[in-house]
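J.: Test case, fold it:
(3 chains)
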Amino acid sequence: MARRTLSDLAQLTGARLLGDGGVLVDGAASLAEATSSQISFCALPRYAPQLEATRAAAVVVPPALSERRTDLPRLVHPDPNVAFTHVCAAFAPVRPAPGPGVHPTASVDPAARLAADVHVGPLCSVGPGAELGAGSVLHAGVHVGADCALGQGCELFPGVVLYPGVRLGARVRVHAGAVLGADGFGYEPPRQRGGAWGKIPHVGTVEVGDDCEIGAACTIDRARFGVTRLEQGVKLDNLVHVGHNCTIGAGTMIAAQTGLSGSTSVGRGVLIGGQSASAGHLHVGDGARVGGQSGLIGDVAPGAELWGTPAQPKREVLKQTAELRRLGALRRRVEALERRLAELGQDTEVQP
Amino acid sequence: MARRTLSDLAQLTGARLLGDGGVLVDGAASLAEATSSQISFCALPRYAPQLEATRAAAVVVPPALSERRTDLPRLVHPDPNVAFTHVCAAFAPVRPAPGPGVHPTASVDPAARLAADVHVGPLCSVGPGAELGAGSVLHAGVHVGADCALGQGCELFPGVVLYPGVRLGARVRVHAGAVLGADGFGYEPPRQRGGAWGKIPHVGTVEVGDDCEIGAACTIDRARFGVTRLEQGVKLDNLVHVGHNCTIGAGTMIAAQTGLSGSTSVGRGVLIGGQSASAGHLHVGDGARVGGQSGLIGDVAPGAELWGTPAQPKREVLKQTAELRRLGALRRRVEALERRLAELGQDTEVQP
Amino acid sequence: MARRTLSDLAQLTGARLLGDGGVLVDGAASLAEATSSQISFCALPRYAPQLEATRAAAVVVPPALSERRTDLPRLVHPDPNVAFTHVCAAFAPVRPAPGPGVHPTASVDPAARLAADVHVGPLCSVGPGAELGAGSVLHAGVHVGADCALGQGCELFPGVVLYPGVRLGARVRVHAGAVLGADGFGYEPPRQRGGAWGKIPHVGTVEVGDDCEIGAACTIDRARFGVTRLEQGVKLDNLVHVGHNCTIGAGTMIAAQTGLSGSTSVGRGVLIGGQSASAGHLHVGDGARVGGQSGLIGDVAPGAELWGTPAQPKREVLKQTAELRRLGALRRRVEALERRLAELGQDTEVQP
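T.: Numbering: from 1, shown residues only, chains lettered A, B, ... in the order given. As a prediction, the model looks like this:
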């Protein structure tokens, strides 16, 4: 296992070292899990109790926490999260990057075009007319359909499926099991009682912009016509469903298991919490924030902060939740009023 | 790119042509996205503003909208949706249908039986005793277990997995990454504190009726005993979970990310919105409609329209949501009543 | 098809036989679906009507129901569920267990280490440095990354993907399409308006304890650093998402489509219903029970029984739901009070 001195790590991260720079550490871990040979970090004052208790050999801390564990060497950095990311990378197992070449067990159609330095792993298939950009990597068992186009530096993990005609920009990462370009869920209603749904052909495609990252087992359906589009820098967590003809604006992040119904249009820089859903044919404005498990049934204003099903402004949901918890008490107050008023009514009625 | 005259498209769709039939178009797109060489469509009056603004070369419209964009040639059709489906198909990229044959990289057990004109793509596996119906297509990387049976004309997309013994009817389409026949989620509780869950063997199977379509990354578990069954014409969107021993009636449609717990029985012609769930061992009556993100915890009457968790009649949910939004105001009204009554009480108490 | 006498089945299950032990049955099915040559079972008195109506040749019943269908031979057992499990197994199709060996179409890196009696099916890939424990089975199309380690007796179904470095204990079963070890969903926020999210490297891994079972199409992300951990005997249903750095305690069961956000810590013996979610960085105490579609936004006490979004004690949710259904009526009562009080106010005001 690699070992690093704290002086090395201070230099690597740009942190200020307090304490013995010669101390060697052999790994990075959380405050609670770190052993006496590992380095940890504390970014926020609310984790100070864990900082006090950690058995780590050293810690990365912000200036505000730099005098807490003076028994340990400390790396002081204004953004411990970022510094620790570099520390972690220093201890990451080094695995050789996949080199250029096509594995003998892969099946690459002669009419596919592979740019320089492409890696096609074991048991992949690449269809006719597909183009793989320079330096792209297909790990094992990736299936790229006919006429797909990958920009340079894409990385597709095992089991990814691109249906024919899907296009990826540069440096797109698609995690294992994700499916891009399956037919959208669209059928003509039965024309008579008991009849069958008529399949609507989906002749559009999927386009993914530069620097997008798509989580494991996501499904992004092809458009009925035109394009289901992710603009550049979109990040999808695992198991996200994107319906046909959706568009997702640049830099938007969508957490796991969210589903966008067909023709949802999401703006730029939007954050959507996990297990949320949209009803389809609606627009989410730029910079909106949608809490987890929300259900959007109408347009969302730019910058709005929503939660719940049907989604409402988050502060309204919190108020309503609080009111709902007191609703039994409110009902009892109304009953007391009714009793009191009945008594009063009797009083006043007998007065004349 | 293919180009078509409007006269051609009028003939193809059965639409009435208003304007110059010699105009050539080279693609189909939405009103907002269509370029000056494409054709678009408008099905509903509420999209009339987009119809007014479109830059399309021509439009498909219903009779009610046929005099809106008289500057453009129009295809007038009573159902513009259907007509446009045919238009889209005319511009779809033509890709050769997979021809019969077994790709040399596929692994087909000698004891599998392949009917005429079956296509087995690259890197597929077919287990012993499996039967593939005439004209069936396995795209790349499909895994068909031992003793599975596919009817004629089935189409399985890359990465589909059928566990042993799963049976598909005719013309079933299964999209990429779907898994049919994994064990149901059933365990005997630990017999003592701290003990282990005991696995319940699942010796049943999955049967899928004719003309079903199953979305990408769906999971349909095998029955504990007997059959998990989809009747004919069932349509599942992506990432739908169907538990062990469920049955889904003919023509039922289930939107993305819905989950049916074990032994749920869904009737015919039911519509279930996305991210809904059933609690298991319950029945959903024929023709019921369940809104998105609903949670069913009891039987559903035929034709019922439900929403919410726990699911209730949709009109009740809408009423309750409206009441809930006014609940803070109601509480303040009760407080005003309490104050007023306290004053009155003082008044009346001094009256004698 | 195999046939068994009831005497055989009585001996197999340890049940007491009432009636003709020479009767032959050829399958097992539910009370409603059993034919006259099959055996069924009834575990609970509430299914007694179906017991009365079944056409089965014989039934497994508890002592309390042993005198209901005296026209049929009965196997009487204190736990009919368990007995029927053995009955079902007796009729399960017998498929030869995968024998040891590496299929010629598999791609196993020379630097992988395979213990005795390992089965590597068609079209699998196994990376350098991977270790497969004795008797482990990789069905078709499984991808095991570099440096992964599988304990003895593991079984991985088609399409499973293990990213590099993932470690499984003994007897772990992973169902088709599950993905273990993809990067967690973590990005540094853009440093300026319109900037890009910075990818946080995920250099940790995933460890799964002995006797865990992971459902189809689950996704379990690798830790940012350290380990995303499932302790022994954890059972995950299908399509469950486990975020980076989560820990799940021994014997916990999680139903389908649930998602755990990053750094969620779930205790031992917890039951979580389907489509639930945790907000991340929270702890669920040992033995807690979480209802389906719940949303956890804070720590959960050991043994607590929660439901809803945001999750609350189940009895509170049921009360609030009941109150909410009467809220319209309550509002009308308040309006009546207001009217009555206005009248009273007029009365009392004119009294002096």
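
J.: Output stretch A:156-167 as PDB - backbone C-alpha positions only.
T.: Below are the C-alpha coordinates for stretch A:156-167, written out as PDB (Å, rounded to 0.1, in the frame of the first residue of the first chain):
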ATOM      1  CA  LEU A 156     -18.800   3.700 -21.500                       C
ATOM      2  CA  PHE A 157     -18.900   1.100 -18.700                       C
ATOM      3  CA  PRO A 158     -19.900  -2.600 -18.900                       C
ATOM      4  CA  GLY A 159     -23.300  -3.400 -20.200                       C
ATOM      5  CA  VAL A 160     -24.100   0.100 -21.500                       C
ATOM      6  CA  VAL A 161     -26.500   0.000 -24.500                       C
ATOM      7  CA  LEU A 162     -26.800   2.600 -27.200                       C
ATOM      8  CA  TYR A 163     -29.600   2.000 -29.600                       C
ATOM      9  CA  PRO A 164     -28.900   2.900 -33.200                       C
ATOM     10  CA  GLY A 165     -28.400   6.600 -34.000                       C
ATOM     11  CA  VAL A 166     -27.600   7.900 -30.500                       C
ATOM     12  CA  ARG A 167     -25.100  10.700 -30.400                       C
END
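
J.: Need the residue closest to the centroid of chain A.
T.: For chain A, the residue nearest the mean C-alpha position is A:D237 (3.0 Å; CA atoms, centre = their mean).

J.: Near chain C, which residues of the stretch 1-150 of chain A? Just list them.
T.: A:28-30, A:33, A:81-82, A:84-85, A:88-89, A:91-93, A:95, A:103, A:105, A:121-123, A:139-141 (CB under 8 Å from any CB of the partner chain). Glycine gets a C-beta too; all of them are placed from N, C-alpha and C.

J.: In strands, which of the residues you listed appear?
T.: A:A28 (DSSP state E).

J.: Under the pLDDT cut-off, which ranges of chain A? List them.
T.: Low-confidence segments of chain A, defined by pLDDT under 70, are located at A:1, A:345, A:347-352.

J.: who touches the helix ranked longest in it?
T.: In chain A, taking DSSP state H as the definition, the longest helix is helix A:327-350. Identification of contacts with helix A:327-350 by CB atoms under 8 Å, 6 or more residues apart in numbering or on different chains yields A:323, B:327, B:330-331, B:334, B:337-338, B:341, B:344-345, B:348, C:319-320, C:323-324, C:326-327, C:330, C:333-334, C:337, C:340-341, C:344, C:347-348.

J.: How about the contacts made by the spatially closest residue to A:A111 that is not a sequence neighbour?
T.: Using CB to CB, 6 or more residues apart in numbering or on different chains and skipping the chain neighbours, the partner closest in space to A:A111 is A:P128 (3.8 Å). Residues near A:P128 by CB under 8 Å, 6+ apart: A:109-112, A:146-147.

J.: Farthest-apart pair in these, please.
T.: Using CB to CB, the pair of these lying farthest apart is A:P110 and A:D147, separated by 14.4 Å.

J.: what about the two, which has more around it?
T.: A:D147 (21 against 5; other CB atoms under 10 Å in any protein chain shown).

J.: can you tell me how far that one sits from C:D20?
T.: Distance, A:D147 to C:D20, by CB to CB, to the nearest Å: 67 Å.

J.: who's in contact with A:P302?
T.: A:267, A:285-288.

J.: would you say it is within a strand?
T.: No. With DSSP: H, G, I helix; E, B strand; the rest coil as the criterion, A:P302 is located in coil rather than a strand.

J.: Apart from its chain neighbours, what residue comes closest to it?
T.: Nearest residue to A:P302 in three dimensions, chain neighbours excluded: A:G285, at 3.2 Å (CB to CB, 6+ apart).

J.: now do A:E231
T.: Closest residue to A:E231 apart from its sequence neighbours, by CB to CB, 6+ apart: A:A250 at 4.1 Å.

J.: Can you give me the neighbour number for the one you found?
T.: Residues contacting A:A250 under the criterion other CB under 10 Å number 20.

J.: can you check A:E33 too?
T.: The number of residues near A:E33, taken as other CB under 10 Å, comes to 18.

J.: Now do the contacts for it.
T.: C:G226.

J.: Can you pull the phi/psi pair for it?
T.: phi -100, psi -10 (degrees, to the nearest 10).

J.: any idea how far it lies from chain B?
T.: 24 Å (CB to the nearest CB, to the nearest Å).

J.: what does A:A53 give?
T.: For A:A53 relative to chain B (CB to the nearest CB), the value is 28 Å.

J.: try A:T264
T.: Look at A:T264 and chain B: by CB to the nearest CB, they are 11 Å apart.

J.: Surely the residue nearest to A:E231 is in a strand?
T.: No. Using three-state DSSP, the assignment for A:A250 is coil, not a strand.

J.: what sits against it?
T.: Applying CB under 8 Å, 6+ apart, the residues near A:A250 are A:209, A:231-234, A:268-269.

J.: Identify the farthest-apart pair in the residues you listed.
T.: The span of these, defined through CB to CB, is set by A:G209 and A:G269 at 13.9 Å.

J.: more neighbours, these two?
T.: A count of neighbours by other CB under 10 Å puts A:G269 above the other of A:G209 and A:G269, at 23 against 20.

J.: Next up, identify which helix or strand that one is on.
T.: Here A:G269 sits in a region with no helix or strand, counting by DSSP states H and E.

J.: Please apply the same query to A:R229.
T.: Using DSSP H and E, A:R229 falls in strand A:227-230.

J.: So which residues make contact with that strand?
T.: With CB under 8 Å, 6+ apart as the criterion, strand A:227-230 contacts A:184, A:204-209, A:212, A:214, A:220-222, A:236, A:242-248.

J.: Swap in 6 Å and give it another go.
T.: With CB atoms under 6 Å, 6 or more residues apart in numbering or on different chains as the test, strand A:227-230 has contacts from A:204-209, A:212, A:244-248.

J.: Show me just the buried residues among the residues you listed.
T.: A:204-209, A:212, A:244-248 (16 or more other CB atoms under 10 Å in any protein chain shown).

J.: Make JSON lines out of those residues and add secondary structure.
T.: As requested, the buried ones among the contacts of strand A:227-230 are exported to JSON lines (three-state DSSP):
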{"residue": "A:G204", "secondary structure": "coil"}
{"residue": "A:T205", "secondary structure": "strand"}
{"residue": "A:V206", "secondary structure": "strand"}
{"residue": "A:E207", "secondary structure": "strand"}
{"residue": "A:V208", "secondary structure": "strand"}
{"residue": "A:G209", "secondary structure": "coil"}
{"residue": "A:C212", "secondary structure": "coil"}
{"residue": "A:H244", "secondary structure": "coil"}
{"residue": "A:N245", "secondary structure": "coil"}
{"residue": "A:C246", "secondary structure": "coil"}
{"residue": "A:T247", "secondary structure": "strand"}
{"residue": "A:I248", "secondary structure": "strand"}
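
J.: picking that back up, and which of the contacts of A:A250 is nearest chain C?
T.: Lowest distance from chain C to those (CB to the nearest CB) belongs to A:G233, with 5.0 Å.

J.: residues in chain A within reach of chain B, list them.
T.: Residues of chain A lying close to chain B (CB under 6 Å from any CB of the partner chain) are A:107, A:123, A:125, A:143, A:146, A:159, A:161, A:164, A:177, A:179, A:182, A:185, A:196-197, A:200-201, A:203, A:217, A:219, A:225-226, A:241, A:259, A:277, A:295, A:309, A:319-320, A:323, A:330, A:333-334, A:337, A:340, A:347.

J.: quick one: which of those sit in strands?
T.: Per DSSP E, the subset of the residues of chain A next to chain B in strands is A:107, A:125, A:143, A:161, A:179, A:219, A:241, A:259, A:277, A:295.

J.: Can you name the residues that contact the fifth one?
T.: In other words, A:V179. Listed by CB under 6 Å, 6+ apart, the contact set of A:V179 reads A:161, A:219, B:176-177, B:216.

J.: Which of these sits closest to chain C?
T.: B:G177 (5.7 Å).

J.: Touching, A:H77 and A:A83? I think so.
T.: Yes. The pair A:H77 / A:A83 is scored as a contact, 3.9 Å apart, by CB atoms under 6 Å.
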